[in-house]
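Novice: no FASTA, just this:
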């Protein structure tokens, strides 16, 4: 059984502990900051539990750091993680179903960025399968479109951004 619920204040320490155990590193202040942003309405954090065990989470940023999304009022799915031993059990789809329902009801559109290296291959395929399409702005490095001919490192900051509208449910 998969349960999806919103983050609570007491979840920050548990999330940090489980993520660290599975090699998912964030700075010490990340989880408390997520909670504060939830309280302020800048972020909605959803947590997944499988048979009562924490299985993953994602965030919906009500104002994206990606300029195109911010300028157009497109909320962004951010920091989407399913704990490695829990993958391929429907948890990611359950989290996306829940966050899409929230975003599409309120905004009519939702966005997401994905890395371009092979390590993001599963995510790339997942978003395509779920009806996300590229936003048409091209490759982005550290939030900035990469002009033709410019060279940038191929790392976790090299992304392509996608959107999904209520019509593509």
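Specialist: That came in fine, so what should we check first? Model, not experiment: these values are computed from the prediction.

Novice: Straight-line length of stretch 123-140, end to end?
Specialist: Start-to-end span of stretch 123-140 (C-alpha to C-alpha, to the nearest Å) is 17 Å.

Novice: Next: stretch 13-29.
Specialist: By C-alpha to C-alpha, the extent of stretch 13-29 from end to end equals 11 Å.

Novice: can you pull the buried residues of it?
Specialist: Buried positions in stretch 13-29, judged by neighbour count with 16 or more other C-beta atoms under 10 Å: 15-16, 18-19. Placement of C-beta: from N, CA and C, glycine included.

Novice: beta partners of residue 58?
Specialist: residue 46 (DSSP bridges).

Novice: tell me, how many neighbours does it end up with?
Specialist: A count of nearby residues for residue 58, using other C-beta atoms under 10 Å, gives 22.

Novice: on that earlier part again, out of the buried residues of stretch 13-29, give me the two with the largest separation.
Specialist: 16 and 18 (7.6 Å; C-beta to C-beta).

Novice: which one of the buried residues of stretch 13-29 is nearest residue 99?
Specialist: For the buried residues of stretch 13-29, the nearest to residue 99 is residue 15 (16.2 Å; C-beta to C-beta).

Novice: Please compute how far stretch 37-49 lies from its chain's middle.
Specialist: Distance of stretch 37-49 from the chain centroid (C-alpha atoms, centre = their mean, to the nearest Å) equals 12 Å.
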